[in-house]
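S.K.: Pasting a predicted model and its sequence here:
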Amino acid sequence: MTQLDGSAVPGPAAPAGPPPAQPPAPPGQPPVGSAEYAAYAPTAAGGFPAQAPPPPAGAPVGPYDPMPGAPYGADAGQGYNTGGYNYPQQPGYSYPGAPTAPKQRNPVMLWGGIIGGVLAIAIVVALVVLLKDDPAPPTPGPIAISTGPDGSTTPVPGPGPKGATFNVAWSAAKGANADSSNQLLGVWGTDKTAVRVDSSGIKAYNLTDGKEAWTIPVPAGSKELCTASYASNSKGIAAVSFNTGDSDCSTVGAVDLNQGKLLWSVKVSADRMSSPTLGVTENVVAVGGNAVGALNIATGQPAWQYQPRDKSCSLHGRVAGPQIAVSDRCYGTSGPKSQLVIVNADSGAAASTPITLTGSIEEVDQVVSDKPLVLLMSNGPQGDYVLPFDKDNKPGTQMSVKEPGSDSLRLSGQDEAVTRNVVSGSTLYVQVSGTKPGINAYDLNTGKRLWAATTSSSGNDMRLVSGTDKDGKVRAVVEQGYDKPARLVTLSPTDGSMTDIGTIAMSNGLDIVSSTSEYVLSDDGSAMYAFRRYSSTEGPLTKWKK
């Protein structure tokens, strides 16, 4: 295994510590038919099937054949949780002139305990802000570009911002009960609405004026929303999970974005799932966590459940677009103690050869990208590492997230809602923090750093924009300081040099506060949207237009 700069990884380190303690056993479920049960009874029956259907005559039966029936374990909710987003990695959210089904990064996994209480949502008529005068474009300072393996930087004069000015078209107003605990879980969209998912519910805003189009509040009997699917499918169907109490998020629902309607909800297991990852195909809602399976997208009825190799095995699954990455840990088998396998989300069949994991508690942690498939693995023999795959799901070079002389890279996954990294082709772009914020680029084939770009001032931030443009180019928002419009740029894959798309005007004379926003560009590049991580400190959504 190589470091990200290409140097050899030091010898094996001792395990970080004993396996984490399992969460307490879930509370007992109220009797079926009682008033308490009716308060949170799902709209669809069942969960994953309790018994495996017989295989067809002559069909091979192996440890990775979808055989429903394994009981759920208690999901420890482990994660590298560091910030992230929703959609097949290129070319980013698809917005005809606004957001449609995102195509590159999504939901935030909740930290620790989940705050209870049903929150009423009251969305006020959106404030439409019209800028009459475009501010003068700033003269940017130099941008430090590093191409050397030692991480040294060489200041290069930055060009003056060019291109169009993006003026504020509208800002959606805060809800009457906006709260700092209402953290962003995901972003979806249609050709008419931009859809924000947070822990308090699902809200759609008209693309033309930012007014509320529809709202789906937290259902009665649920505390809040837990997680959201990274994307919706071509029919505008997406998925969410609900906390029905004690951080139990094993109730899953399907949402129709065109109707603004919760189609069905189903409790997939009597055991607790604290933070399941979700995905949607044309046929199923895929579920990955301490159990792995899928539900029929039209009815919520069980489609398949993944069967562990042995009854002593625990599972850890992460949904990756049309696939699910599944790692296990087994204690009673004669084979490898831990393995990683990629599973087809529609059928549950294995889509890769099992990979033996040798770390004491090694497992899949995050899905960094689904096209191409790139995983973040935790607790390997030499620590956390990035594992890329080719189109045939064959693993490539393992790359340590720890760079010599630097902090470990903090990567986001598709189960998080604010982007920290984007994959384009064979290049991984990572947002980094430190003395000066910046963006690093790494070759996924070799694991070596290609370059590092930083801002000219430690007080200014650089934020990756979700996904890429139609040509695979990665975009970023570069702050210029208070009372100055930010720059919207593309990054050269070869050296990190910046080409201006335009400037982003501010209506209030303050900083753009890019670190707390998820940015999405329309397909034609004429509009940009900022979805705020929290709706209490800023408006939940702002649109800029050329």
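M.R.: Thanks, I have it.
S.K.: Okay, now the unreliable bits of the protein?
M.R.: Scanning the chain for pLDDT under 70 picks out 1-46, 49-162, 176-181, 456-459, 507-514, 535-537.
S.K.: All the helices of it, residue numbers only.
M.R.: All helices of the chain, identified by DSSP state H, fall at 35-40.
S.K.: Count the neighbours of the closest residue to Trp170 other than its chain neighbours for me.
M.R.: In space, Trp170 comes closest to Gly210 once its chain neighbours are excluded; the distance is 3.6 Å by CB to CB, 6 or more residues apart in numbering. All C-beta atoms are positioned from the backbone trio N, CA, C, and that covers glycine. By other CB atoms under 10 Å, the residues close to Gly210 number 24.
S.K.: Need the phi and psi values for Gly210.
M.R.: When read as degrees, to the nearest 10, the backbone of Gly210 gives phi 80, psi 0.
S.K.: ok, and the closest non-adjacent residue to Gly245?
M.R.: Lys223 (6.2 Å).
S.K.: my guess is the one you found contacts Asn243, does it?
M.R.: Yes: the criterion here is CB atoms under 8 Å, and Lys223 meets it with Asn243 at 4.4 Å.
S.K.: Ala220 and Phe48: what is the separation?
M.R.: 25 Å (CB to CB, to the nearest Å).
S.K.: So which of those two has more stuff around it?
M.R.: With neighbours defined as other CB under 10 Å, Ala220 and Phe48 compare such that Phe48 has more, 23 against 9.
S.K.: That one reaches Ala291, doesn't it?
M.R.: Yes: counting by CB under 8 Å, Phe48 touches Ala291, with 7.1 Å between them.
S.K.: ok, which stretches of the stretch 301-450 of the chain are strands?
M.R.: For the stretch 301-450 of the chain, strands defined by DSSP state E, counting those that start in this stretch occupy the ranges 302-305, 314-320, 323-329, 338-344, 355-357, 363-370, 373-380, 383-388, 399-400, 421-424, 427-432, 438-443, 449-454.
S.K.: Lys261: which of these is closest?
M.R.: Counting by CB to CB, Lys261 lies closest to strand 302-305 out of these; the figure is 21.6 Å.
S.K.: Just the C-alpha atoms of the closest one, please, in PDB.
M.R.: Provided in PDB are the C-alpha atoms of strand 302-305 (Å, rounded to 0.1, in the frame of the first residue of the first chain):
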ATOM      1  CA  PRO A 302     -39.600  -6.600   0.600                       C
ATOM      2  CA  ALA A 303     -37.600  -7.400  -2.600                       C
ATOM      3  CA  TRP A 304     -34.600  -9.200  -1.100                       C
ATOM      4  CA  GLN A 305     -32.300  -9.300   2.000                       C
END
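S.K.: So which elements touch that strand?
M.R.: strand 292-296 (3 or more CB pairs under 8 Å, 6 or more residues apart in numbering; DSSP states H and E).
S.K.: Partner strands of the strand it packs on, with direction?
M.R.: Strand 292-296 has its sheet partners listed here by DSSP bridges as strand 284-288 (antiparallel), strand 302-305 (antiparallel).
S.K.: any idea how far Pro493 is from Arg410?
M.R.: 22 Å.
S.K.: Next: Lys223.
M.R.: 29 Å.
S.K.: more neighbours, the two?
M.R.: Higher neighbour count among Lys223 and Arg410: Lys223, with 22 against 16, using other CB under 10 Å.
S.K.: Now the more buried one, what are its backbone angles?
M.R.: phi -80, psi -40.
S.K.: so Ala213 sits right up against Asn206, yeah?
M.R.: Yes: with contact defined as CB under 8 Å, Ala213 reaches Asn206; the gap is 5.1 Å.
S.K.: any residues in contact with both of those two?
M.R.: Both Ala213 and Asn206 are in contact with 192-193, where contact means CB atoms under 8 Å, 6 or more residues apart in numbering.
S.K.: shouldn't the residue nearest to Trp170 be in contact with Ala172?
M.R.: Yes: contact criterion CB under 8 Å: Gly210 and Ala172 qualify, at 4.6 Å.
S.K.: Ser265 versus Arg542, what's the distance?
M.R.: You called it Arg, but residue 542 is Thr. Thr542 is 31 Å from Ser265, by CB to CB.
S.K.: coming back round to it: what residues do Phe48 and Ala291 have in common as contacts?
M.R.: Shared contacts of Phe48 and Ala291 (CB under 8 Å, 6+ apart): 268-269, 305.
S.K.: Return the most buried member of the strands paired with strand 292-296.
M.R.: Across these, averaging neighbours per residue (mean count of other CB atoms under 10 Å) puts strand 284-288 on top, at a mean of 29.
S.K.: quick one, that one and strand 338-344 angle?
M.R.: 170 degrees (axes from the mean of the first three to the mean of the last three CA atoms, to 10 degrees).
S.K.: Restricting the selection to alpha carbons, write strand 284-288 to PDB.
M.R.: Presented in PDB, the C-alpha positions along strand 284-288 are these (Å, rounded to 0.1, in the frame of the first residue of the first chain):
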ATOM      1  CA  VAL A 284     -36.200  -0.600  -5.500                       C
ATOM      2  CA  VAL A 285     -35.300   1.400  -2.400                       C
ATOM      3  CA  ALA A 286     -31.900   0.000  -1.300                       C
ATOM      4  CA  VAL A 287     -31.000   0.000   2.400                       C
ATOM      5  CA  GLY A 288     -27.500  -0.400   3.800                       C
END
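S.K.: could you give the angle of that strand to strand 314-320?
M.R.: 130 degrees.
S.K.: Give me the contact list for strand 284-288.
M.R.: 229, 239, 252, 254, 268, 273, 276-280, 293-297, 300, 303, 317-319, 324-326, 345-346.
S.K.: and if we set it to 6 Å?
M.R.: Strand 284-288 is contacted by residues 239, 254, 276-277, 279, 293-295, 297, 303, 317-319, 324, 345-346 when judged by CB atoms under 6 Å, 6 or more residues apart in numbering.
S.K.: same check, this time on stretch 533-546
M.R.: Outside of stretch 533-546, the residues within contact range by CB under 6 Å, 6+ apart are 164, 166, 168-172, 174, 178-180, 182-184, 196, 205, 418, 504, 516, 526-532.
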